[in-house]
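Peer 1: got a structure for you, letters missing:
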């Protein structure tokens, strides 16, 4: 076994006494903002989540082409309460221009339209060589959905929250069973028309309910006027536990939120986000953010502005504002104004891509990058669209959904590539791609007014669609021919196959990055990072996981 390892080991970073590669290749590397320290009793390299990275120059021994390879490492992450909500990139060698290479990440994504936490601490291993499914695949319509308000990958399943528009129609929570089949997990208990947000908090599934204003999407009158605004924990036995009415008391209503004939009551909770071991929410008709205090209690924490969405970037908590601005929550409980994305009057979505924060805007339909302080740079328009809504990082690239034509675009440098129209109902002006999530190695998106979920695959990806446990964990990613396999603590946890594997040539001239790459910079610690030019078998992986 030792001889097998030594012959095939092309990169080895023990990260115990130095940051060098100790394999025979001696590939040079440069480390930035990486510190050696003892972590939970073991020597390791610590990455700060801001600009830490170990960068290895391109080298012939990293040109695996169409061949097999393996990545193995030990990863330490903290709990959410200790700042471990965002983990980030582990190993990446990827050319975003050609979409060629590999990525191994732990994905958390917040900031999808009026917010669902679509992925939380999920291990993902992807390869690509510019491959793309020829078209989107229809995954069906959950119930009588008019809008798929929320999509979230939780506990090994894809969940959807829906808006239904009819006198006796309620919003529902659904679980995808494959082949267009959706399992009904229940209607919103108040009998209101929308389940608008989903999040994983403290190991449990939470969802938010509301009275969605149909006229705001040019769908006519709201036919079910039952108020919502409650948050529920959905237990394993299918029961819904009342966790309180967000904004039911306290902060004054926002008069601007009463457009389109909506009430000025706190009848719609539309954002849920987990940060630092706590659950946060917003009410569509109350200004500010609310923190969950347990039981049925919520505490208002500001700002005194209507919040459209929430996101986490470099471990910090940001609120996206109706009015266009972006604010950051500080340790002293105050909010710092981070400027106004140019031209935006409603900032709807956010995503961290290649370590930088991007937001989507209305009414110009632009994607804008945050440059620090109060400075923003407009990247480009998304065709003739007016609003940028759903957002996701998927297999090395960043994707956005839009309004009013319900299109999807992929960000390619400073331009956007059209990826298809997902809802073409000609009778409705405000067509939207509202929700997005990565699940089972594919990108899923939900629409309005068709209320359908569609999926598309780029390259190949194996995903462990569960929250990564905290502490020290051994992670291994193996490509063997057409098959990608993920191991966690020596056990296989995910596997996926790609077609036309002979065409998946991963060679590129980009550096290999440890702790940085396509999404968030790593927040956590690494040790014993190994790269092999063969596919390790299960026994070899188990052996490494015992070291």
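Peer 2: Yes, it's here. Computed from a prediction, not measured in an experiment: that's the story for all the values here. Numbering: from 1, shown residues only.

Peer 1: what's the local residue count around the nearest residue to residue 498 once chain neighbours are set aside?
Peer 2: Of all residues not flanking residue 498 in the chain, residue 460 sits nearest, at 3.2 Å (C-beta to C-beta, 6 or more residues apart in numbering). For every residue, glycine as well, the C-beta is placed using N, CA and C. By the criterion of other C-beta atoms under 10 Å, residue 460 has 25 neighbours.

Peer 1: beta partners of residue 460?
Peer 2: Bridge pairing for residue 460 (DSSP bridges) gives the partners residue 127.

Peer 1: list the contacts for it?
Peer 2: Residue 460 is in contact with 126-128, 131, 441, 482, 484, 496-498, 504, counting by C-beta atoms under 8 Å, 6 or more residues apart in numbering.

Peer 1: recalculate using a threshold of 7 Å.
Peer 2: When the contact criterion is C-beta atoms under 7 Å, 6 or more residues apart in numbering, the partners of residue 460 are 126-127, 441, 484, 496, 498.

Peer 1: then residue 37?
Peer 2: Contacts of residue 37 by C-beta under 7 Å, 6+ apart are 44, 46.

Peer 1: 10 Å instead, please
Peer 2: Counting by C-beta atoms under 10 Å, 6 or more residues apart in numbering, residue 37 touches 43-46, 525.

Peer 1: could you verify that residue 92 is part of a helix?
Peer 2: No: counting by DSSP: H, G, I helix; E, B strand; the rest coil, residue 92 is not found in a helix; it is strand.

Peer 1: pretty sure it is touching residue 506, no?
Peer 2: No: the pair residue 92 / residue 506 is not scored as a contact, 11.6 Å apart, by C-beta atoms under 10 Å.

Peer 1: hey, what's in contact with both of these two?
Peer 2: Shared contacts of residue 92 and residue 506, counting by C-beta under 10 Å, 6+ apart, come down to 101-102.

Peer 1: re earlier: and the pLDDT at the residue nearest to residue 498?
Peer 2: On the pLDDT scale, residue 460 is placed at 96.

Peer 1: one more: residue 264?
Peer 2: 54.

Peer 1: ok so, going back, which of the contacts of residue 460 ranks first by neighbour count?
Peer 2: Using other C-beta under 10 Å as the neighbour criterion, residue 126 leads the contacts of residue 460 with 28 neighbours.

Peer 1: what's the first helix or strand after the helix or strand hosting residue 479?
Peer 2: Here residue 479 sits within strand 471-480, counting by DSSP states H and E. Once strand 471-480 ends, the next helix or strand along the chain (criterion: DSSP H and E) is strand 483-488.

Peer 1: which strands and helices sit next to that next one?
Peer 2: Helices and strands touching strand 483-488, by 3 or more C-beta pairs under 10 Å, 6 or more residues apart in numbering; DSSP states H and E, are strand 69-77, strand 119-132, strand 458-464, strand 471-480, strand 491-497, helix 538-545.

Peer 1: Throw the ones you listed into a markdown table and include distance to residue 303, thanks.
Peer 2: What follows is the helices and strands packed on strand 483-488, written out as a markdown table (distance: least, C-beta to C-beta, whole Å):
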| stretch | distance to residue 303 |
| --- | --- |
| strand 69-77 | 30 |
| strand 119-132 | 25 |
| strand 458-464 | 35 |
| strand 471-480 | 35 |
| strand 491-497 | 40 |
| helix 538-545 | 46 |
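
Peer 1: so what's residue 415 up against?
Peer 2: Counted by C-beta under 10 Å, 6+ apart, residue 415 has contacts 379-382, 409.

Peer 1: kindly provide the distance from it to residue 357.
Peer 2: Relative to residue 357, residue 415 is positioned 19 Å away (C-beta to C-beta, to the nearest Å).

Peer 1: tell me the mean pLDDT for stretch 164-177?
Peer 2: The average pLDDT within stretch 164-177 is 96.

Peer 1: so the strand holding residue 479 versus strand 458-464, what angle?
Peer 2: On the basis of axes from the mean of the first three to the mean of the last three C-alpha atoms, to 10 degrees, strand 471-480 is oriented at 140 degrees to strand 458-464.

Peer 1: show me what counts as buried in strand 471-480.
Peer 2: 472-480 (16 or more other C-beta atoms under 10 Å).

Peer 1: who does it pair with, and is each partner parallel or antiparallel?
Peer 2: Strands that pair with strand 471-480, judged by DSSP bridges, come out as strand 69-77 (antiparallel), strand 483-488 (antiparallel).

Peer 1: just the angle between that strand and helix 538-545, please?
Peer 2: 150 degrees.

Peer 1: mind starting the numbering at 524 from now?
Peer 2: Done: numbering now begins at 524, and the last item shifts to strand 994-1003.

Peer 1: could you give the angle of strand 994-1003 to strand 642-655?
Peer 2: On the basis of the same axes, to 10 degrees, strand 994-1003 is oriented at 20 degrees to strand 642-655.

Peer 1: just the strands in the stretch 524-673 of the chain please.
Peer 2: 532-536, 552-555, 557-562, 565-571, 576-579, 592-600, 611-618, 623-632, 642-655, 660-661, 670-677 (DSSP state E, counting those that start in this stretch).

Peer 1: looking at those, which is buried most?
Peer 2: Among the strands of the stretch 524-673 of the chain, judged by mean count of other C-beta atoms under 10 Å, the one packed with the most neighbours on average is strand 670-677 (a mean of 28).

Peer 1: what about it, average pLDDT?
Peer 2: 96.

Peer 1: now it, how far from the centre of its chain.
Peer 2: How far strand 670-677 lies from its chain's middle: 12 Å, per C-alpha atoms, centre = their mean, to the nearest Å.
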